[in-house]
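**Q** Provide a 3D model corresponding to the input given below.
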Amino acid sequence: MVTAISEERTPESSLLDHVERGTHARSDRFAVVINLSRLSPHNRQPHHIRIASRTFDTLLNSHDVQLYVLGNGDIVLMCKDVRIDDVDYMIDKLRTLFRNDPLAARGGAGGHEFTDWYDFEVEFDALFELTRAWAARAKRNAARSEDASAGRGIGTGFAGQPLDPYSLAKVDDSLSRLRIVELLREQPAVIVGLDGSEKILFREKFVSIAELQRRVAPGFNLVSNPWLFQHLTETIDRRVMAAMARDDFAKISGNISLNLNVKSVLSKDFQRFDEAVAEHTGKFIIEMQKIDVFSDIENFTYARNWLRDRGYRVLLDGLNPLSLQYFDPGLLGADYYKVAWGTEFVETESKEAHAETAALVEKIGPECFILGRTDSEGAMSWALTLGIRRFQGFFIDRLVKRQAEKAMQGRK
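**A** Got it, this is the predicted structure:
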């Protein structure tokens, strides 16, 4: 179990060190702050930040560029002897991943820009003061997180100190000795019939990251570093596939969904999983995140085609109603599309936008859409007006539980 972190460094303190080293060597250096913390809440989830940072992998590998992911989700690029156009090209590519968010519009939203640029020769003092303030804030937050988690667990807020590679190695070791089935959770998705009855569409199997954090890394934030979290999710994918492969699917009724990285689907671990499930691939739905798909569309296309040839169904996750107004998800050729519910969509949606969304749902097929994060009857009613009858979320959990209780009473 992890109990310490190397020098208790934070990304903010490392960034401050980097800026300080440039005090007397300012020529041909600049910094870019990508303000992901200003995105709408549904667009700044941990996996969004992780995939956003991976957008710059090519730039990091071919130029003198370092990247820092701050605790609030902002990304900072520190560049030396790099063409501004090369950086701007990658940022424009990132904008397309968040094109449904007002902030990603080139003019920004509410006066805020998607990026802030700092030339070391002109704006060094402003950048230094900014990074020093960030480092001080991160230090205070780390201290508060340490107190809050003492003896009570971290909860669902992913508080705690950020991981470094040394600490992640300890987490990996703890994870390798942990029975992953103890962390497996499931959440049903249902089809609501015209008579209001609910029928299970599938049960999604997933690992609770909050519970994993409590079990193997108390006091640490497992999602603080996108690259380390990416490694962790790949490890989790391998363990889940290995555990699921041992089940007797001939005796299991109903469909199962697994949320996997595109890279995991293309791995040898998945090939072994595929061999194990053999005749039962039709019971499986493989979910992949929209932002993961857009960051590697070529590999997604290959994975999607291979999965469907083998009998699996593919679900595109991470959509929201606003995103449906900006692109046709049907072009990605999935079997299902999971749209995340949010009250802001009702509050800001015009009649015209609602009609356009309804037309798109009808074009692709309402039977392909699932409303995720359905937390109220109002959310379900909103989706039903679009012809969507497939749901998942806490409200659905309660419906399924009540249905099971009634069934048990009927057997007594």
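**Q** Please enumerate the strands of the stretch 251-400 of the chain.
**A** All strands of the stretch 251-400 of the chain, identified by DSSP state E, counting those that start in this stretch, fall at 256-259, 284-289, 313-319, 336-340, 369-372, 390-392.
**Q** Would you format those strands as JSON lines with mean neighbour count and mean pLDDT included?
**A** To be clear about C-beta, it is placed using only N, CA and C from the backbone, and glycine gets the same treatment. Output for those, formatted as JSON lines (neighbours: other CB atoms under 10 Å; pLDDT from 0 to 100):
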{"stretch": "strand 256-259", "mean neighbour count": "23", "mean pLDDT": "95"}
{"stretch": "strand 284-289", "mean neighbour count": "23", "mean pLDDT": "95"}
{"stretch": "strand 313-319", "mean neighbour count": "22", "mean pLDDT": "92"}
{"stretch": "strand 336-340", "mean neighbour count": "24", "mean pLDDT": "90"}
{"stretch": "strand 369-372", "mean neighbour count": "25", "mean pLDDT": "92"}
{"stretch": "strand 390-392", "mean neighbour count": "25", "mean pLDDT": "95"}
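**Q** Which pLDDT value does the model give residue 332?
**A** As predicted, residue 332 sits at a pLDDT of 92.
**Q** How about it: what's its closest non-neighbour residue?
**A** Of all residues not flanking residue 332 in the chain, residue 316 sits nearest, at 5.9 Å (CB to CB, 6 or more residues apart in numbering).
**Q** Which residue ranges of the stretch 151-300 of the chain form helices?
**A** 165-177, 209-216, 226-244, 262-265, 268-277, 290-295, 297-310 (DSSP state H, counting those that start in this stretch).
**Q** can you tell which of the ones you listed is closest to residue 284?
**A** helix 268-277 (6.7 Å; CB to CB).
**Q** just to revisit the earlier point, save the strands of the stretch 251-400 of the chain as JSON lines, and put in distance to residue 170 too.
**A** Shown next, in JSON lines, are those (distance: least, CB to CB, whole Å):
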{"stretch": "strand 256-259", "distance to residue 170": "25"}
{"stretch": "strand 284-289", "distance to residue 170": "27"}
{"stretch": "strand 313-319", "distance to residue 170": "30"}
{"stretch": "strand 336-340", "distance to residue 170": "33"}
{"stretch": "strand 369-372", "distance to residue 170": "33"}
{"stretch": "strand 390-392", "distance to residue 170": "34"}
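**Q** What's the end-to-end length of stretch 372-391?
**A** 6 Å (CA to CA, to the nearest Å).
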